[in-house]
Every structure is written in C-alpha cells, then in structure tokens.
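Undergrad: Turn this into a structure:
(2 chains)
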Amino acid sequence: MLNSTKGLYYWRFIYRVLLIAMIAFAGCDNDKMDKVVINKSMVPDEIQGWILREKIETYDRETIFNYIDGAGEVYLAYGFQKVFVYHYSKTDEPEITVEIFDMGSDEDAFGVFSYSREEEETGIGQGYEFRGNLLCSWQGHYYICVLADRGTDETENVIPSLAETIDRKLPASGSKPKLIGFLPAEGLVSQNVRYLHTFPCLNYHYFLANENILKLDSGTEVILGEYQPGPTYLLVIKYDSKISADTAYRSFMENYAPDAVPTGTAEIEKGKWLNIKQENMYIIIVLDAPTKEQAVNLMSAFRNKLISSN
Amino acid sequence: MKRLITRRDFIKDTGCAALGLAVGLSAMAKEDVEKTSLAKVVLIRDKEAISADGGPNGEVIQSMLDRAMVALFDCENPVECWRRIIKPDDIVGIKTNEWNYLPTTSEVEQAIKKRVKDVGVEERNIAIADRGVLNHPIFKKATSLINARPMRTHAWAGVGSLIKNYIMFVPDPYNYHGNSCESLGSIWHLPLVKDKTRLNILVMLTPLFYGVGAHHFDPTYTWKYKGLLVGTDPVAVDTVGLRIIQLKRKEYFGEDRPVMPVAHHIVFADKKYGLGTGDLDKIDLIKVGFMEGILI
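TA: Next up, the predicted model:
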C-alpha cells in the first residue's frame, strides 16, 4: 500500500514536471511565432556592395535619447521596448542605417508607422513608405526603417532590397487596432488614419489645445481619421473606464465646446461643425464637418458600427 | 499670461487654424505689458554662401558674420563689435549643434572662433561643443557663451531653435520634453548658462522647413536660403527664423501649413521665462545682402 502510494506521488510529480515543461515549451513556440530573436542574422552581411559593420547598437526606453534627440519621445509615446541599429558602408557611397524597433505590440507598431507616414504602399511588411532616402515599414510588432545619409541612384535600389530581406525574416503579420475597422469607408483618406495614445501626438496631427483637455495618456487608444471632402476629422478615444471617459467629456465640453451643450453639436466657426457623443468608455468627436448634417451622419455611421460590434 | 489656447482661438483670430504660433503669440501678448525698446535682429544673405559642392563657403561665411555684427552693433569694424560682447580674459564656450544631417557647420564655428580670438581670448580658453558641454572643462567655467545652430523643423518641439539648443546643458533632457518642450526656456536660468549668452546665430544656410515623424530629415525639404540670423535676443532671432520657415512652407505647398507641433517653447521663452521678445512687431529686423527670395 505504502509503495503504491509512493508510486502514485512519483507519477503525479512526473506528470506535473512534464505538464510545466509542456506549457513552457508551448509558450516558447508561441513566442517564437510572434517574436523573433533580433540579432545579426536579421540582416545580410553584404548587399549590393554595402558591408555590414560588426557592431550592433541597441537602445531601450532608458537609453533611446542617446541615439535620437527629443524626437525619441515619439517612440516613447507608444509601447517602444528596444531598437536594434545596424550600419552598412560602401566606398564612395553614403552610409546606410537599419533600425528595427520592437514596439511591444502590433497596434503600436502600426501606430508609430501611421504617425509618420504621408503615403502608404503595399509589398514590404504590412505597409511601407519610401520617401527620399528613407523607407519605413511595419510588420507584426516591429517598425523598421532603412535610411541612407543621402540619396543616390545606388541607395534607391539597395534600400528597398534591404527592407525586403528583413521583411522575410520577421513574423508574417500583425493586427491593426480594432477601432480602425469601425471607421466608415466612404470618403476616408486611408493614409491619413492615425493611431496614437497621448495628447502631444494628437496635437501633432490635429492641434486642439495647448493643454490636455481630453485627458489622454499612455493607456488611451486614439484613432484620428481624415475624410474628404473637407477635410473632416473623426476622432475616437477609448478610455480605460466609463469614469475616465466621463471626466474627459466634461473637460472637453467645458474647455472647447461649451456651446455644444446639451445637443453635442455646434458650429465652431462658419462651415466647421462639431459633433460629440460619449458611448460608455468611448468619446467620439466629428471635427470640421462642412455641415451639421455631415457631422451627424459621420457620427451615426461610426456609432452604428461600434455598437453593433459590442 | 493666458494659459489655455485652443484651436478655436486660432480660428477666431485669423479665420484659419494655420497661422499657429503667430496667433498664439498675439493671444498671449494681449495680456502682456507693452515693451518700449525693439529687439534688433540682423538677417544677412549672400549668394555665394554655398559652394559648388553644396557645403558652406568659409570665406563668405566669415564675411557674412562680420557684416552682420557691424549691422547689429553699429560699429566701424567687426572686431570692435566683438569687443562689445567679449573681453580678452573671457572663457568662451561656442555652443554648436552636431546633428549630422544639418549641423551648425565648421565654417560657422570657425568664423566665430576667429573673431573671439581676434578680441584677444586665448585659444586654450575657447571651446566648441554640443553634446559634451555639460562636462566640458571650458563650458563648466565659461564666462561667455555664443549660441549657434541651424534652424529646422523638429518632430517634438516644432522647430530646433536657439532656445532648444541649450538642452544639452542639463543632465536630464527628457524632463524638458513635456507638452512639446514648453519648458526649454527654463534651462537658460540655470547657473551654468544664466546671463552668459553674448550672441545668438541661427544658421539659415539650408534650413529644413518640413518633416514628418521622428525621422525628420529629408533633403527635399531644405532649400538654399544662404542666410544667417544674428542677434543678442534669442527669442527674437528664433521668432524671425520660425516666421521664415512658415513662409517657406506657404510658398512650397501653396497653402498655410502650420508647423506641428506648435513651437510654443519660443512663446514660453518670452512670456514665461522672460528671455526676449517673440512679438514680430517688437523686433527691428535689419536685412543685409541679396533680397531675392528673402520671404520676410
């Protein structure tokens, strides 16, 4: 009996060890699928005559300003974790730098891409923009930039090639923020859809006030969509709770749109209509609509999609 | 000083939101005390300022700086002008900007240094630095500072300005990034720099007038303006520089495109930190050199 009890404990112990090991391995697998190890193998040693320098630089949230000046705040305004920096050189050609930013989530990789892009093309990563001597793309929770110190005929060829090579080594896909799917398609200027969190980032794309009257912080999710003709803007904010949304709503109405009380609609200036609604933990604002009807219609179209999804 | 400024204030004042900073200034200035004296700023431009290879022409830069000094201080020759602001026993830090895409340039640095030496300051008492200033032996004991940097748009501060150029004098620059760097002017009151700045030179040789996101530099949005802005009031010089950037954007895009984020650290440098005037009406802008494409 004693032996058989001991045996039972033994097998239970073995079972638990195996179970823990299986869970751990499963975790590793998932992690591997989602997150790759960023090292020298991410980039080629040589491409079109450009040679990779030995040293890879890395910077995290603490050290980012050693690499980028105040503009590093853009990354910190998202879930930036770490950036890996690679340098290439070639005789008589400008240096090329590759940056792979781990943004912590797919949404924030898309977010920081959306913050900076003016145009968007497909074919590299999950969207990219090639502007002058700089190509930036996003893929999974990575934001990747390849840039030359200056543009030449040769850099114009090598930059997209390098970006494509890195693209193939990163996770296949990531998810855009869910709220973007609720933006009404008609009139939407897709390359001007922004995803962000903080008030300075909002002000960068749509200056609202010099103080944080919408109570945005790193936990708020913000979508700014631009519509034509207009431009008319649809601003959607998801707070962490209804209480937070209540506070922000009161602040906005008091500081920006007292004349929109109680209907939520006001003509801010001739031909610029505002419409605002709070929906539980969401605040939805239509800005600069040419007519009251257009403001209300855009609001309804978004709300219908949002409500039907919940 | 009016604290909260919204987009509606801009629209109300101008009929459009695009003028941004200029309107912010006027909105604040209404509550400010009238100032009687004008801040003098010299804008000098020379067609030959940029060499055929695209870099600055050192001799021309020296000549531009000299002419600017004579215009600014209204004296006979440039060395005499420099003697008004620098003494032979001064220890002089030339605060430059080494951003590799658009640096102050060694030509501008050396032009300054030459005249500082001409005044009689010993070589060993002169230093040129940017990122290392905080621990630089000369800067630590400097009695005079010369502030020189190029004007460019900036992803977080609106523009890289003379006011912003002193951020390297603090060990914790990130603590000055809040609300689009509104508190940069406070740095100028720290003991290391307070009341030491004798001259401000905003390099407008090939300014960057537009950019998007953190990777801000794109040569497409620079142009050969071939100018220097020189003055003793850093806010006034920045204000003129910013105005030129805004006017260039209007010319290039065919519409008002406000500098974003609003470069209100310049406004705060005036209204909150008292470093100079940001009101164009209170600035005496002296234009020297060629006028074509001057914009302002």
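
Undergrad: Near chain A, which residues of the stretch 51-200 of chain B are found?
TA: Taking Cβ under 8 Å from any Cβ of the partner chain, the part of the stretch 51-200 of chain B that reaches chain A is made up of B:99-101, B:154-157, B:164, B:167, B:173-174, B:177, B:179-182. Backbone N, C-alpha and C define where each C-beta goes, glycine included.

Undergrad: Those residues: which two are farthest apart?
TA: Checking those against each other with Cβ to Cβ, the farthest-apart pair comes out as B:100 and B:179, at 27.8 Å.

Undergrad: Report the buried residues of stretch A:62-78.
TA: The neighbour-count check on stretch A:62-78 (16 or more other Cβ atoms under 10 Å in any protein chain shown) flags A:64-65, A:68-78 as buried.

Undergrad: Find the pair from the residues you listed with maximum spatial separation.
TA: The most widely separated members of the buried residues of stretch A:62-78, counting by Cβ to Cβ, are A:69 and A:78 (17.5 Å).

Undergrad: Show me the helices in chain A, by range?
TA: For chain A, the helices defined by DSSP state H occupy A:2-34, A:64-67, A:72-76, A:106-116, A:153-169, A:199-205, A:242-255, A:292-309.

Undergrad: pLDDT of the first one, averaged?
TA: Right, the one you point to is helix A:2-34. Per-residue pLDDT values over helix A:2-34 give a mean of 47.

Undergrad: ok, now which ones touch the residue in chain A that chain B sits nearest to?
TA: Closest to chain B within chain A is residue A:116: 2.5 Å, counting by Cβ to the nearest Cβ. By Cβ atoms under 8 Å, 6 or more residues apart in numbering or on different chains, residue A:116 lies in contact with A:74, A:129, A:136, B:212-215.

Undergrad: hang on, the earlier thing: make a ChimeraX selection of the buried ones in the residues of the stretch 51-200 of chain B next to chain A.
TA: Only the buried members of those end up in this ChimeraX selection, burial being decided by 16+ other Cβ under 10 Å:
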select /B:99,154,155,156,157,164,167,173,177,179,180,181,182
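
Undergrad: now, which of the residues of the stretch 51-200 of chain B next to chain A lie within strands?
TA: residue B:154 (DSSP state E).

Undergrad: Might you report the residue contacts of whichever residue of the stretch 151-296 of chain B sits closest to chain A?
TA: Per Cβ to the nearest Cβ, residue B:213 is where the stretch 151-296 of chain B lies closest to chain A, at 2.5 Å. Contacts for residue B:213 (Cβ under 8 Å, 6+ apart) come out as A:74, A:115-117, A:136, B:155.

Undergrad: Any chance of the residues you listed in TSV with pLDDT and distance to residue B:261 as columns?
TA: Shown next, in TSV, are the contacts of residue B:213 (pLDDT from 0 to 100; distance: Cβ to Cβ, whole Å):
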residue	pLDDT	distance to residue B:261
A:74	92	11
A:115	95	12
A:116	91	14
A:117	91	17
A:136	96	20
B:155	88	8
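
Undergrad: Which single one of those is nearest to residue B:62?
TA: residue B:155 (33.1 Å).

Undergrad: excluding its backbone neighbours, what's nearest the closest one?
TA: Closest residue to residue B:155 apart from its sequence neighbours, by Cβ to Cβ, 6 or more residues apart in numbering or on different chains: residue A:71 at 4.1 Å.

Undergrad: Just want to check the distance between residue A:60 and residue A:54.
TA: Counting by Cβ to Cβ, to the nearest Å, the gap from residue A:60 to residue A:54 is 21 Å.

Undergrad: Compare those two (neighbour count), which wins?
TA: Set side by side, residue A:60 and residue A:54 show more neighbours around residue A:60, with 11 against 7, by other Cβ atoms under 10 Å in any protein chain shown.

Undergrad: Now do the contacts for the closest residue in space to the more buried one that isn't next to it in sequence.
TA: Excluding the flanking residues, the one nearest residue A:60 by Cβ to Cβ, 6+ apart is residue A:82, at 4.9 Å. Counting by Cβ under 8 Å, 6+ apart, residue A:82 touches A:38, A:58-60, A:101-102.

Undergrad: cool, and residue B:163?
TA: Going by Cβ under 8 Å, 6+ apart, the list of residues near residue B:163 reads B:184-185, B:188, B:234-235, B:238, B:265-266, B:269, B:275.

Undergrad: Ok, residue B:173 next?
TA: Residues near residue B:173 by Cβ under 8 Å, 6+ apart: A:65, A:69-70, B:167.

Undergrad: Let's have those residues in JSON lines, adding distance to residue B:50 and pLDDT.
TA: As requested, the contacts of residue B:173 are arranged in JSON lines below (distance: Cβ to Cβ, whole Å; pLDDT from 0 to 100):
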{"residue": "A:65", "distance to residue B:50": "32", "pLDDT": "86"}
{"residue": "A:69", "distance to residue B:50": "25", "pLDDT": "76"}
{"residue": "A:70", "distance to residue B:50": "28", "pLDDT": "78"}
{"residue": "B:167", "distance to residue B:50": "28", "pLDDT": "95"}
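
Undergrad: wait, which of the residues you listed is closest to residue B:89?
TA: residue B:167 (28.9 Å).

Undergrad: is it true that the closest one touches residue B:187?
TA: Yes: with contacts counted by Cβ atoms under 8 Å, residue B:167 reaches residue B:187, the gap being 6.4 Å.

Undergrad: tell me which residues of stretch A:240-255 are tucked away?
TA: Neighbour-count burial for stretch A:240-255, counted by 16+ other Cβ under 10 Å, picks out A:244-245, A:248-249, A:252-253, A:255.

Undergrad: would a markdown table of these with distance to residue B:64 be doable?
TA: Below are these laid out as a markdown table (distance: Cβ to Cβ, whole Å):
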| residue | distance to residue B:64 |
| --- | --- |
| A:244 | 55 |
| A:245 | 56 |
| A:248 | 52 |
| A:249 | 55 |
| A:252 | 50 |
| A:253 | 53 |
| A:255 | 47 |
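
Undergrad: Out of these, which comes closest to residue A:304?
TA: residue A:245 (19.1 Å).

Undergrad: what's the nearest residue to that closest one once chain neighbours are set aside in contact with, if anything?
TA: Nearest residue to residue A:245 in three dimensions, chain neighbours excluded: residue A:239, at 4.2 Å (Cβ to Cβ, 6+ apart). Going by Cβ under 8 Å, 6+ apart, residue A:239 touches A:215, A:219-220, A:245, A:248, A:281-283.

Undergrad: cool, residue A:53 as well?
TA: By Cβ under 8 Å, 6+ apart, the contact set of residue A:53 is A:86-89.

Undergrad: Could I get the pLDDT score of it?
TA: At residue A:53, the model reports a pLDDT of 92.

Undergrad: tell me which parts of chain A are close to chain B?
TA: Counting by Cβ under 8 Å from any Cβ, chain A sits next to chain B at A:65, A:68-75, A:112, A:115-118, A:131-134, A:136, A:145, A:147, A:149-151, A:200, A:203-211, A:213, A:255-256, A:268-269, A:272.

Undergrad: Let me see the confidence value for the residue nearest the centre of chain A.
TA: The geometric centre of chain A, computed from its C-alpha atoms, lies nearest to residue A:111 (Cα atoms, centre = their mean), at 1.8 Å. At residue A:111, the model reports a pLDDT of 98.
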